[in-house]
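Asker: I need the structure of the sequence given here:
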Amino acid sequence: PPPPPPPTVSRLESRPPKVRNLLMRLEEAERRHDVEMAVTTIEAIRALPGSPAADLDDKLARRLGMLNMRRLFTLKNAQWVKTVTVKRGDSASRIAAENGSTLASLARLNGGKGDKGVLGKPLFVMNHPRFSLVIHRRSRTADLSLNGRFFKRYDLVGGVTGKEGAYELPARTRNFWLGELGVQFRPEDRAELELLMPVGAAVLISEM
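Answerer: As a prediction, this is how the structure comes out:
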């Protein structure tokens, strides 16, 4: 599906001043294609006490997810991504493992050429990311966090039949999502989660 449009700022006059100002700032960031400004503004809106923009929260979360994916793979944001110099004896899988990442994300960060590192040349790699996924039974959504901050939201296909509790992503996921957790994602979303989340990443089923 196409990426969601930025949240509308219609009926600004009905919003509290702080919300109104932040929504106007978000609109300006989108006009300027300023990804970092848009991200910090969305995070500020979602963090407002009392959730005065609760009616926009889902749209804001989904827009933030699109921006975060761009920051990671296109802009290679320095808070998540570093460069390593390929040394003799290195392999892509070894570099990914040593940095707590996945081979798939390393390949994508390097234009699909992560398995062809050249001796003495730099490769981009995620820097020990701490991904965790909370699956919400009631809303049939799953929220992915990176280093303790919201990263992206996904929709489930159907309900959740697995037991509430904590799990870890195994090395082989063929029977994990549907068999053990009782959740189903769209194929492209499942592939994206497995691209991002390394073995051992935390997965939680919540009743909320």
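Asker: Confirm R88 sits in a strand?
Answerer: No. According to DSSP: H, G, I helix; E, B strand; the rest coil, R88 belongs to no strand; its state is coil.
Asker: Quick check: the gap between the residue nearest to it when sequence neighbours are not counted and V203.
Answerer: Across the structure, with C-beta to C-beta, 6 or more residues apart in numbering as the measure, the residue nearest R88 apart from its sequence neighbours is L119 (6.2 Å). The C-beta positions use only the backbone N, C-alpha and C, and glycine is treated the same way. Taken as C-beta to C-beta, to the nearest Å, the spacing of L119 relative to V203 amounts to 37 Å.
Asker: Just want to know which of these two has more residues nearby.
Answerer: It is V203, of L119 and V203, that has more neighbours when counted by other C-beta atoms under 10 Å, with 25 against 10.
Asker: part of a strand, is that one?
Answerer: Yes. In this structure, V203 lies within a strand as judged by three-state DSSP.
Asker: before we move on, which element is the closest residue to it other than its chain neighbours in?
Answerer: Once its chain neighbours are removed from consideration, V203 has its nearest residue in Y167; the separation is 4.4 Å (C-beta to C-beta, 6+ apart). When elements are assigned from DSSP states H and E, Y167 belongs to strand 165-168.
Asker: The protein: strands as residue ranges?
Answerer: Residue ranges of the strands in the chain, as given by DSSP state E, are 81-85, 122-126, 131-136, 141-146, 149-155, 165-168, 202-206.
Asker: Quick check: which of the ones you listed is nearest to T40?
Answerer: T40 lies closest to strand 149-155 among those, at 11.5 Å (C-beta to C-beta).
Asker: pretty sure V134 contacts F151?
Answerer: No. Under the criterion of C-beta atoms under 8 Å, V134 makes no contact with F151, lying 11.2 Å away.
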